[in-house]
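Trainee: Using only what follows, build the 3D model:
(one chain, ligands or ions: 2)
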Amino acid sequence: MVAKLDGRTALVTGASRGIGKAIALRLAEDGLDVAITDVAANKAGLEEVAGLIEKAGRKSAMFTGDVSKEADVEGAVQGAVKALGKLDVMVANAGIAQVISLLELSVDDFDRMMAVNLRGVFLSYKSAAQQMIKQGHGGKIIGAASIVAYRPFALLGHYSASKWAVRGLTQAAAMEWAKYGITVNAYCPGIVGTAMWDLIDEKLAEEEGLTKGAAIKKYSESIYLGRVSVPEDVAKYVSYLASPDSDYMTGQSVMIDGGIQFS
Ligand SMILES: NC(=O)C1=CN([C@@H]2O[C@H](COP(=O)(O)OP(=O)(O)OC[C@H]3O[C@@H](n4cnc5c(N)ncnc54)[C@H](O)[C@@H]3O)[C@@H](O)[C@H]2O)C=CC1
Ligand SMILES: CC(=O)C(C)=O
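Mentor: Residues are numbered from 1 along each chain as shown. Ligands and ions are numbered 1, 2, ... in the order given. Below is the predicted model:
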């Protein structure tokens with residue numbers, strides 16, 4: 001496929017697999033040069049995605065690091081700018097999930113969830129905004145929320161709270177950075193068939209006395225469009241959020257869930 005020429009650049013976190021990979025590839029297909037990051041343990045996945053971006057005719061750069069660490073996020077943003085020339089689109093996608101009841105949840109696990117899913121998004125938003133303000137021509141900042149940012153899932157309490165907070169942070173960032181021409185929006189997927197849901201399914205099945213595969217089947221019965229989401233469903237929506245077509249939209253966290261949760 002010959003990619004459209006866009007001239008813009010993006011950085012996607014948590015892009016070695018799943019939704020982040022689909023977003024990185026879709027933005028490359030849209031004609032953007034795309035930098036990607038993930039934890040060092042997923043370097044092989046990052047290399048594969050970087051190769052696919054280049055195969056689509058776009059430039060790529062890859063960085064490893066932890067989104068909960070300020071130096072790692074700033075290093076990736078500055079590395080992307082050095083490699084690709086500037087930063088127009090930031091997608092703060094990286095996240096973790098954990099299935100556990102609130103009564104059993106330790107402070108360490110609570111803090112780790114908030115460090116990755118909330119602090120990681122905050123650091124990604126902030127570092128990208130600082131770069132975009134310096135560049136002086138606006139930009140698109142996009143974050144990973146979830147349907148649980150509107151209605152929590154039991155046994156995913158701290159995960160749900162982290163995504164609810166991403167929705168609040170997205171609104172505040174949109175207010176503060178509108179004057180710089182930066183829009184800030186988030187995507188709220190429902191049940192997407194990735195490694196994250198493999199883990200959720202396995203743990204929910206254990207908690208609820210179900211067999212493997214039965215939990216995702218049970219939860220998917222609430223999807224009006226009748227199928228589990230694939231990462232590309234989410235990537236199509238992020239493509240819109242990254243494009244000039246969404247220029248009059250900011251501060252929104254929109255469901256892309258096949259019809260589970262209605263806001
Ligand atoms: N799969 C689903 O059904 C849904 C996913 N989401 C959100 O979408 C985003 C992507 O999820 P999936 O692709 O499904 O998950 P995934 O587990 O397949 O991929 C997440 C990626 O983030 C990376 N990551 C995790 N912690 C990191 C850290 N500290 N620093 C850097 N990278 C880190 C992982 O290594 C992985 O490559 C997450 O924020 C998730 O919470 C939201 C709603 C539903
Ligand atoms: C993982 C996640 O956010 C949901 C809603 O399943």
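Trainee: mind listing the strands in the stretch 151-263 of the chain by residue range?
Mentor: 182-189, 253-256 (DSSP state E, counting those that start in this stretch).
Trainee: three-state assignment of Ile141?
Mentor: With DSSP: H, G, I helix; E, B strand; the rest coil as the basis, Ile141 sits in strand.
Trainee: Not counting sequence-adjacent ones, nearest residue to Thr170?
Mentor: Sequence neighbours aside, Ala186 is the residue nearest to Thr170 in space, at 4.5 Å (criterion: CB to CB, 6 or more residues apart in numbering). C-beta coordinates here come from the backbone N, C-alpha and C atoms, glycine included.
Trainee: Is that neighbour bridged to anything, and to what?
Mentor: Gly143, Ser253 (DSSP bridges).
Trainee: Close to ligand 1: what parts of this protein are there?
Mentor: Within the chain, the residues that sit near ligand 1 (CB under 6 Å from any ligand atom) are 13-14, 16-20, 38-39, 42, 66-68, 93-97, 116, 120, 144, 146, 189, 191-192, 194-197.
Trainee: Kindly recompute the last result at 5 Å.
Mentor: Counting by CB under 5 Å from any ligand atom, the chain comes close to ligand 1 at 14, 16-19, 38-39, 42, 66-67, 94-96, 116, 144, 146, 189, 191-192, 194-197.
Trainee: Which residue is the nearest non-sequential neighbour of whichever residue of the chain sits closest to ligand 2?
Mentor: Ranked by CB to the nearest ligand atom, the top residue of the chain for proximity to ligand 2 is Ser146, at 3.4 Å. Spatial nearest neighbour of Ser146, chain neighbours left out: Lys163 (4.2 Å); criterion: CB to CB, 6+ apart.
Trainee: What's the local residue count around that neighbour?
Mentor: 28 (other CB atoms under 10 Å).
Trainee: Up against ligand 2, what does the stretch 51-200 of the chain have?
Mentor: Counting by CB under 5 Å from any ligand atom, the stretch 51-200 of the chain comes close to ligand 2 at 146-148.
Trainee: go with 6 Å
Mentor: Residues of the stretch 51-200 of the chain lying near ligand 2 by CB under 6 Å from any ligand atom: 97, 146-148, 190-191, 196, 200.
Trainee: Out of the residues you listed, grab the one that's most surrounded.
Mentor: Ser146 (31 neighbours).
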